[in-house]
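*Asks:* With the input below, show me the fold.
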Amino acid sequence: MATTINKTRLLNHLLGAAPATSDDPVLPVLEQFIFALCRENSTQEQAQLAFSNLRTQFYDWNEVRVSSPRELEEAMAGLSDAETRAQRLIAFLQNVFETTFSFDLESVQKKGLKQASKSLLGLGTTLGFGSTSEYIGAWVVQRTLGGHAIPIDAPTLRCTRRLGLVDCPAEDQEAARASLEHLVPKSKGPQFSDALSIIAEKYCWEGDPNCQGCPLSGECPTAQETCSDQLATARTARTKPR
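*Replies:* You can find the predicted model right below:
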């Protein structure tokens with residue numbers, strides 16, 4: 001596995017391989033929660049399209065709440081497991097409405113980061129979100145509440161394990177998140193998450209990853225271990241004198 005020094009160098013390389021996050025407007029807590037529900041295990045573009053469809057194809061979040069799962073599934077069509085996401089979105093909005101009689105969760109910000117995060121995790125847990133609640137809670141803390149949290153979904157865990165940035169068991173997402181939050185500066189959290197998402201989408205696929213094309217292959221222990229022959233052949237071909 002990568003040493004601490006190598007992890008820092010690899011992190012800098014990763015951040016340099018992806019553009020800094022844009023100055024998008026910060027979403028309110030409730031909308032950020034919904035966006036995170038779309039964003040987990042998907043690309044930025046897929047999540048943005050699904051979220052935009054939800055905002056434009058329905059009058060407001062109350063109409064989303066009372067719509068059928070099938071209608072929401074159609075609006076979220078490009079996302080994996082859209083049916084389950086639609087059911088969870090309805091359950092979430094119903095829970096918020098029954099609790100606050102509105103669709104406003106801004107009061108969460110007054111609780112302080114630790115309590116706010118616990119409240120968000122509680123919303124997901126009580127609705128049966130499972131590990132998804134951990135991702136959503138961390139995403140909202142990172143993107144709206146200004147705290148230091150690294151949301152962990154399947155592509156993030158896959159990439160960070162292959163890169164050697166985390167060395168905990170695949171099922172221990174809590175340990176992975178703690179390790180990454182120690183390694184990644186708070187100010188770089190969003191850029192780190194976005195950069196990993198890009199790497200996962202373009203190169204670090206679940207099966208047959210494109211290690212040779214990945215800009216991090218030179219420092220990725222997995223690429224060096226599994227693709228050393230291919231990489232060596234490519235280097236020889238480039239440097240062989242004519």
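*Asks:* CA atoms for contacts and neighbours, from now on please.
*Replies:* Will do.
*Asks:* Contact partners for residue 106?
*Replies:* Residue 106 is in contact with 28-30, counting by C-alpha atoms under 8 Å, 6 or more residues apart in numbering.
*Asks:* err, residue 112, not the other one
*Replies:* Under the criterion of C-alpha under 8 Å, 6+ apart, residue 112 has no neighbours.
*Asks:* and stretch 95-103, average pLDDT?
*Replies:* Taken as a whole, stretch 95-103 has an average pLDDT of 88.
*Asks:* could I get the lengthiest helix in the chain in CSV with only the CA atoms?
*Replies:* If you go by DSSP state H, the chain has its longest helix at helix 82-100. These are the backbone C-alpha positions of helix 82-100, laid out as CSV (Å, rounded to 0.1, in the frame of the first residue of the first chain):
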residue,chain,number,x,y,z
ALA,A,82,-34.3,4.6,-10.2
GLU,A,83,-37.3,2.8,-8.7
THR,A,84,-35.8,2.5,-5.3
ARG,A,85,-34.6,6.1,-5.4
ALA,A,86,-38.1,7.3,-6.3
GLN,A,87,-39.6,5.4,-3.3
ARG,A,88,-37.0,6.8,-0.9
LEU,A,89,-37.6,10.3,-2.2
ILE,A,90,-41.3,10.0,-1.6
ALA,A,91,-40.7,8.6,1.9
PHE,A,92,-38.2,11.3,2.7
LEU,A,93,-40.5,14.2,1.6
GLN,A,94,-43.4,12.6,3.5
ASN,A,95,-41.3,12.4,6.6
VAL,A,96,-40.2,16.0,6.3
PHE,A,97,-43.8,17.1,5.7
GLU,A,98,-45.2,15.2,8.7
THR,A,99,-42.4,16.6,10.9
THR,A,100,-42.2,20.2,9.8
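*Asks:* Let me have the contacts of residue 106 in TSV, extended by neighbour count, secondary structure and distance to residue 207.
*Replies:* Below are these laid out as TSV (neighbours: other C-alpha atoms under 10 Å; DSSP: H, G, I helix; E, B strand; the rest coil; distance: C-alpha to C-alpha, whole Å):
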residue	neighbour count	secondary structure	distance to residue 207
28	16	coil	37
29	22	helix	35
30	21	helix	35
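*Asks:* Quick one: the residues you listed as JSON lines, columns for pLDDT and distance to residue 177 too.
*Replies:* Shown next, in JSON lines, are the contacts of residue 106 (pLDDT from 0 to 100; distance: C-alpha to C-alpha, whole Å):
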{"residue": "28", "pLDDT": "93", "distance to residue 177": "24"}
{"residue": "29", "pLDDT": "92", "distance to residue 177": "21"}
{"residue": "30", "pLDDT": "94", "distance to residue 177": "23"}
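*Asks:* Tell me the one of these nearest residue 57?
*Replies:* Of all the contacts of residue 106, residue 30 has the smallest distance to residue 57: 17.9 Å, by C-alpha to C-alpha.
*Asks:* how near is the closest residue to that closest one other than its chain neighbours to residue 34?
*Replies:* Of all residues not flanking residue 30 in the chain, residue 105 sits nearest, at 5.6 Å (C-alpha to C-alpha, 6 or more residues apart in numbering). Distance of residue 105 to residue 34, computed by C-alpha to C-alpha, to the nearest Å: 12 Å.
*Asks:* Between these two, tell me which one has more neighbours.
*Replies:* Between residue 105 and residue 34, counting by other C-alpha atoms under 10 Å, residue 34 is the more crowded of the two (21 against 15).
*Asks:* for the more buried one, helix, strand, or coil?
*Replies:* helix (DSSP: H, G, I helix; E, B strand; the rest coil).
*Asks:* got the contact list for stretch 74-87?
*Replies:* 37-38, 41-42, 46-47, 49-51, 53-54, 57, 69-70, 72-73.
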